[in-house]
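**Student:** Here is a sequence together with a model predicted from it:
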2 protein chains.
Amino acid sequence: MNLPYTVVIGKGAIKELENYRMFTQRIVITEKKMAQLLKPQQYAPDAHILVFKGGEQQKQMKTVVSLAQEMMNLGVDRKSLVIAIGGGVVGDVAGFVASIYMRGIAYIHVPTTLLAMVDSSIGGKTGVDLHEAKNMLGTIYRPRAVISDLRFLLTLPKEEMRNGFAEIIKVALIKDNVLYHAIAKEKEKLLEPSHALLEGIIRRAIKIKLDIVTQDETEQGVRRLLNFGHTVGHAIEAASSYQIKHGTAVAIGMVYAAKLSQREGLLSQQSVTEILELLESMGFPTMLPTAMNKDQLIAGMMHDKKKEHQHIHAVLLKDIGNALIQELPIERWRGVL
Amino acid sequence: MNLPYTVVIGKGAIKELENYRMFTQRIVITEKKMAQLLKPQQYAPDAHILVFKGGEQQKQMKTVVSLAQEMMNLGVDRKSLVIAIGGGVVGDVAGFVASIYMRGIAYIHVPTTLLAMVDSSIGGKTGVDLHEAKNMLGTIYRPRAVISDLRFLLTLPKEEMRNGFAEIIKVALIKDNVLYHAIAKEKEKLLEPSHALLEGIIRRAIKIKLDIVTQDETEQGVRRLLNFGHTVGHAIEAASSYQIKHGTAVAIGMVYAAKLSQREGLLSQQSVTEILELLESMGFPTMLPTAMNKDQLIAGMMHDKKKEHQHIHAVLLKDIGNALIQELPIERWRGVL
């Protein structure tokens, strides 16, 4: 856990893999779609490539066990390296395998989506779902390195760029108003992967998350700020049976968190309007889908469905770039939804 | 990982569980035999008791997943506590569940065998087998506390006491000649759970292991000394399909490690004879079972079955109470077997 946190960001960064050769074996774990699209063997010609079907439904312990079994059959030992090439699901699964195989072997994540670059690859969270329950089983395991090659973004559909931008806007809102205003100036133009400012914005967003998670690896304090927009966001994802993308759900969640911040007397009405306008201009919905049941959503936000007057931790904004945590009765959320 | 390491040892120590009540829920995990024998609900009346079948064959990921599923159904959250009551298998499985459930919740081990008290409960190793491969999947996870109630030894058959004593003699041989001579003076009388010196001997053995594992939690250096007798020992266990008990296999392994130490010019012949006599007097076999195939054993000791002239780390004795690690060609082991 006390290794330095190496994150390499840039066009062509994947070449860095060549610096990680001192292992008895190198194993690439990726998903089917990625294996076809990216041809991972070109980046690590010596590696064994293990491919699983991919997708959220495969994020289960049986995938972990079957990858571990393949590794054992290949003779993977304590001094081997696992390289995950893919988005969040690949990173979560491969990172989990690496963290428990022989009680933990070296692991590198090469995120291939914007969302994975700025969010899931930073902070060491690994895990799988337990049937429907998201990320119920997992570890916090620091990778040897995270290598974010920005060239991978060039093949990404706009919808995937937007999905990642929700998390970039989130870290800007909680920690960095300069970053926020840089984004607000360019707006939807940033969804174009060749935009000149994109690399700088991604670097800055990664830096913010990195600072937070190295201060608080196990989520006892400041790391909770990263849940801004996620209380409602997670409930929306669940209520939609994960048909609504994470970024979209978080964007809607951030709108309601901003509104609640204003109701609690923390954030100005003008800032709420600004945030709403930015999210709209980036193509995010800013209201709950009309079909969504408010009671179901509230139930999803509660830790303990039996307690009626429960307080939950709410991440609120005092200002753009400045967040705080308050314990609030769940009813306050109902008031803004 | 940086929590203090709390180990409570003594007759009636299980009462300490009362000091660990500040959790939303307490879950006892134990195996069938223990549940019948010890009636764990008397020690934690508020706890939910989860029972699995037990035995080495149940040390599989499917047991972990099914326990986690039961915990989820009970609403176990991040602030709950898992209490393992049992021997090594229960500790390995329950510790693993606790270490990955919601990425890690609080965990206490109450070892009920001598072997678990002096060995597996100390050092945070958790894990399950992957089909036949022992401990292939697991974590290193520090329990909130280890509570060793020596009253549990009173119900233990002599065979189980002996099984634990192999590990006590091991730590004495590698680190503590005073402890060694205390054991050598009493010999087989120590297998009687009511022996007056037993508590002091157990405390000292636990202290030695604790010192080693806190210096080197992830087995990069000094912790490897704990493998004394285990290179051959593990191979014997595997070759017997785990019909030979761990302690017996380690005792035989220590005899050969002592002989190799003498051949390498480190240990005196007189010390080898002394060690052999002590192990014999405690009722351990000191030679390989005649039916055992030496080549199969050598293959089991090698990390990489393809390399013929492989060197492996050998833990050897310079003296009683003083061990060191040397890289030796596998052929040297063949010479003493």
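**Tutor:** Structure received. Numbers count the residues shown, from 1 in each chain, chains lettered A, B, ... in the order given.

**Student:** shouldn't A:Met71 be in contact with A:Met102?
**Tutor:** No. Counting by CB atoms under 8 Å, A:Met71 does not reach A:Met102; the two are 9.3 Å apart. Using the backbone N, CA and C atoms, a C-beta is placed for each residue, glycine as well.

**Student:** And A:Pro285, how far from B:Ile85?
**Tutor:** 51 Å (CB to CB, to the nearest Å).

**Student:** Which residue of A:Met71 and A:Met102 possesses the greater neighbour count?
**Tutor:** A:Met71 (25 against 21; other CB atoms under 10 Å in any protein chain shown).

**Student:** Quick check: the more buried one vs chain B, distance?
**Tutor:** 9 Å (CB to the nearest CB, to the nearest Å).

**Student:** quick one: contacts for A:Tyr141?
**Tutor:** A:95-96, A:98-99, A:104, A:107, A:124, A:126 (CB atoms under 8 Å, 6 or more residues apart in numbering or on different chains).

**Student:** again with A:Leu50
**Tutor:** Taking CB under 8 Å, 6+ apart as the test, what A:Leu50 contacts is A:27-30, A:67, A:70-71.

**Student:** Helix or strand for it, just tell me which one.
**Tutor:** strand A:48-52 (DSSP states H and E).

**Student:** Which neighbours in the sheet does that strand have, and how are they oriented?
**Tutor:** strand A:26-31 (parallel) (DSSP bridges).

**Student:** can you pull the alpha-carbon coordinates of the strand it pairs with into PDB?
**Tutor:** Output of strand A:26-31 as PDB, limited to C-alpha atoms (Å, rounded to 0.1, in the frame of the first residue of the first chain):
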ATOM      1  CA  ARG A  26       3.300 -10.800 -18.000                       C
ATOM      2  CA  ILE A  27      -0.400 -11.500 -18.300                       C
ATOM      3  CA  VAL A  28      -2.700  -9.100 -20.200                       C
ATOM      4  CA  ILE A  29      -6.400  -9.200 -19.000                       C
ATOM      5  CA  THR A  30      -8.900  -7.600 -21.400                       C
ATOM      6  CA  GLU A  31     -12.400  -8.000 -22.700                       C
END
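
**Student:** Around chain B, pick out the residues from the stretch 151-300 of chain A.
**Tutor:** A:Thr218 (CB under 8 Å from any CB of the partner chain).

**Student:** For chain B, what is the nearest residue in the stretch 151-300 of chain A?
**Tutor:** Across the stretch 151-300 of chain A, no residue is closer to chain B than A:Thr218, which sits at 7.6 Å (CB to the nearest CB).

**Student:** dump the residue contacts of that residue.
**Tutor:** A:Thr218 touches A:140, B:104, counting by CB under 8 Å, 6+ apart.

**Student:** which element is it on?
**Tutor:** Counting by DSSP H and E, A:Thr218 is found in no helix or strand.

**Student:** What separation do you get for the closest residue to A:Ile330 other than its chain neighbours and A:Gln42?
**Tutor:** Distances taken as CB to CB, 6 or more residues apart in numbering or on different chains place A:Gln310 nearest to A:Ile330, at 5.2 Å, with adjacent residues excluded. Distance of A:Gln310 to A:Gln42, given as CB to CB: 52 Å.

**Student:** who has more neighbours, the two?
**Tutor:** A:Gln310 (17 against 8).

**Student:** And chain A, split by domain according to the record?
**Tutor:** A:6-155, A:158-335 (automatic domain parsing).

**Student:** Now that we have the ones you listed, can you turn them into CSV and tack on mean pLDDT and distance to B:Glu16?
**Tutor:** Shown next, in CSV, are the domains of chain A (pLDDT from 0 to 100; distance: least, CB to CB, whole Å):
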stretch, mean pLDDT, distance to B:Glu16
domain A:6-155, 96, 28
domain A:158-335, 93, 25
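
**Student:** most packed of these?
**Tutor:** domain A:6-155 (a mean of 20; mean count of other CB atoms under 10 Å in any protein chain shown).

**Student:** how far does it stretch from start to finish?
**Tutor:** Using CA to CA, to the nearest Å, one end of domain A:6-155 lies 25 Å from the other.
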